[in-house]
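> return a 3D structure for these sequence lines:
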Amino acid sequence: MNSHSATPAVTRADPNRWLAFAVVLSATLLGVLDFLIVNLALPAIKETTGASDAQVQLTVAVYGLSFAVCLITGGRLGDLYGRKRIFQIGMAGFTLASVLCGFARSGEDLIIFRIVQGAFAALMSPQVLATIQVMFVGHERNLATSYVGATVGVGSFLGNVLGGYLVSANLFGLGWRPIFFVNVPIGIVALVLSAFLLRESKSEHARKLDVPGALLSGLALFLLIFPISEGRERGFPWWSWVMVGCSLVVGYAWFRFEAMLERKGGSPLVPLELFDSKGYGRGLVAILLLFSGISSTSFVVGQFLQRGLGLEPRYAGIVFAALSLSFLISSLGSARIVAYMGTKALLLGISLLQVGQVLIIAATLGFRGQLNPYLLMPILFIYGLGQGLCVPQIIRQTMNTVGTENAGAASGVLSTTQQVAFSLGVSVIGGVFFALSDPKGAGTADSWALGTGAAFGINFVIVLLARFLVARNMKEAMNLPTQNYSAVAVEA
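All right, here's what the predicted structure looks like:
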């Protein structure tokens, strides 16, 4: 999805390149911020809109699902029609969708607007790394890439802390709605500055769009995620099983279509030749497992702190600050740790995640509804250290299993898998969590603790499976040349 069409001379001659890059970087900040900022507002959203637990899940899941389905297409649109133009369209649409989310009157309205918001986020986000490739060379490119990673950490911190503060502050009597309105001034400033600072760029070798592939993949994922979330509250009626079955049929039709398109020399959404590398396939499964667990963590703990332990959103945000801060520290220091430990740093990160999971299980099942919520802060700090260490490394390991000629396509598929994992984690693990925590709407502090412990038990198992796949790839990688995909790694 990235282009190298701009010459180094042009890049160096642009005196506004760092200001322009700061404008584009707002897409990364908003994309991360809006996935996380909703978590601590969900109980308030449920109370004021009358949303069900299933709709609360979908509020988070559909954003990631829409993002995932449109992500590769967003990158190709930038290559074809201009990255500045697509960035501006994405930012304008994201800002408008944020306004609509803030004015949503029901759970159904909010879900629809979150789908729109995720789609526009997928238009603007791929332009960040593509712009780095066009605007910078050499050391400046590496420096710009490191700023993307730092922005992800800042967005994570703000999403967890700011969300809780804004809900508790009840600004202008608007309750949870400012968590979406906060995007508006950022979006407007980014649009105005981009008009003056950004240079237009396109790819000389852009891949064509695969609209049917995107629609089929989106339909298959929706048919899978919706009945998992909505069906649980209705006792999994017959239509929920029919939808799951249809998702498999549509998924198979998508696979056949992509294979046919590739045989005819077209530009499939997912080039199937990528899976000639077994290591790449294992890496994607490991990422799917790992990120499913990571995405459900904020969702589950946010619900437990507020609905189980009765903590106000702003104080829940303080608890989450421990995780966000350690994630930022660990992710920024991961390069030095890898330089010292090599590939074993990835296993260290996964081990810290699992230690955090075991401690959360012990705390919730041991203290149950009497748990002091601030006891979770040092545990979440350990969890965040592991998360910040293993996330960039597992992406880098997976990318190292493919050749440089397939790096662009592989990074697009990898980022999409990551977003799908976010949706699946909230839907599947969140479904188990709600089933145990709030049976028939009669949840108690003890039952919420039980649900949290069970959710992290599932997380532990799936991270253990991811660890096995990672170790297998590490063993095979010992005989392969190492490649540098730092730009892709920090995008996550």
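> quick check: Ile37 touching Tyr165?
No: counting by CB atoms under 8 Å, Ile37 stays clear of Tyr165, with 10.2 Å between them. In this view, the C-beta of every residue, glycine as well, is placed from N, C-alpha and C.
> neighbour-wise, which of the two wins?
For Ile37 against Tyr165, the residue with the higher neighbour count under other CB atoms under 10 Å is Ile37, and the figures read 27 against 18.
> ok, the more buried one to Tyr147 distance?
Taking CB to CB, to the nearest Å as the criterion, Ile37 is separated from Tyr147 by 21 Å.
> where are the low-confidence patches of this protein?
Counting by pLDDT under 70, the chain contains low-confidence residues at 1-14, 142, 206, 403-408, 477-492.
> can you tell me the centre-most residue of it?
Gln419 (4.8 Å; CA atoms, centre = their mean).
> by contact count, what packs against the helix or strand hosting that one?
Of the helices and strands defined by DSSP states H and E, Gln419 is found in helix 407-424. Judged by 3 or more CB pairs under 8 Å, 6 or more residues apart in numbering; DSSP states H and E, helix 407-424 is in contact with helix 53-81, helix 211-233, helix 278-303, helix 376-399, helix 486-491.
> so which of these gets nearest Ser194?
The closest approach between Ser194 and any of the helices and strands packed on helix 407-424, judged by CB to CB, belongs to helix 53-81 at 13.2 Å.
> next, the angle from that closest one to helix 407-424.
In this structure, helix 53-81 runs at an angle of 170 degrees to helix 407-424, with axes from the mean of the first three to the mean of the last three CA atoms, to 10 degrees as the basis.
> how distant is helix 53-81 from the center of its chain?
Centre-to-centre, helix 53-81 and its host chain are 10 Å apart (CA atoms, centre = their mean, to the nearest Å).
> buried ones in it?
Applying a neighbour-count criterion of 16 or more other CB atoms under 10 Å, the buried positions in helix 53-81 are 53-80.
> ok, the residue lying closest to Thr48 once chain neighbours are set aside - contacts?
Counting by CB to CB, 6 or more residues apart in numbering, Thr48 lies nearest to Gly175, which is 5.9 Å off, once chain neighbours are set aside. Residues counted as contacts of Gly175 (CB atoms under 8 Å, 6 or more residues apart in numbering) are 44, 48, 167.
> for ChimeraX, what selects the buried ones among those?
Selecting only the buried members of those in ChimeraX, with burial defined as 16+ other CB under 10 Å, works like this:
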select :44,167
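> nearest to Pro392, of the contacts of Gly175?
Val167 (30.6 Å).
> touching, that closest one and Arg314? I think so.
Yes: shown here, Val167 and Arg314 form a contact pair, counting by CB under 8 Å, at 7.4 Å.
> what domains does the record give for this protein?
Domain ranges of the chain: 1-202, 210-266, 274-492, per automatic domain parsing.
> any idea what sits nearest the residue nearest to the centre of the chain, other than its immediate chain neighbours?
Ala68 (3.4 Å).
> report the contact partners of Thr452.
For Thr452, the contacting residues are 300-301, 304, 308, 360, 364, 433, 437, taking CB under 8 Å, 6+ apart as the criterion.
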